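J.: Test case, fold it:
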Amino acid sequence: MELKKLSMEHPQKITNDFVQQVITTGKQYCIFLYKSGPNRNQPPEEEEAIQGAHLRYLFTLRAEGKLAINGPVMDDSELLGVGVFNLTDKEEVKKLLAEDPAVIAGRLIYEIHQWFSIPGDSLP
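T.: Here you go, the predicted structure:
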């Protein structure tokens, strides 16, 4: 059976066999959660410079194919951002996140978790 992308435009019957087939195509990733760091009191111009460097760094990781998706959390919580690395090695991800200018400046801290998903899934 050929696996088709699930969508409302091309509905298909979701059977146990179908679910098992899709799961066998899955792979491990690393997700990260950015949270408020201990040093968030920089002057506005320094904060802006750190944020610019942070975004350029994340876009570079995306361009290199290491970071699959990321973005800010849009509510008032301690959680500030979420991302998914196209990598399985938590130590490699830890090294990459430790080089983020916002982490170096203490504006952000992070958690890393191993995660399983289906390659090719995307946001609408």
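J.: Quick one: the helices in the protein, in order.
T.: Along the chain, the stretches classed as helices by DSSP state H are 16-24, 44-63, 90-98, 101-104.
J.: wait, which of those is closest to G120?
T.: Judged by C-beta to C-beta, the one of those that comes nearest to G120 is helix 16-24, at 10.4 Å. In this view, the C-beta of every residue, glycine as well, is placed from N, C-alpha and C.
J.: Could you tell me the average pLDDT over that closest one, please?
T.: What helix 16-24 shows for mean pLDDT is 89.
J.: which residues does the closest residue to L97 other than its chain neighbours contact?
T.: Leaving out its chain neighbours, the residue that sits closest to L97 by C-beta to C-beta, 6 or more residues apart in numbering is Y110, at 4.9 Å. Going by C-beta atoms under 8 Å, 6 or more residues apart in numbering, Y110 touches 32-35, 97, 100, 103.
J.: quick check, nearest of these to A49?
T.: D100 (13.9 Å).
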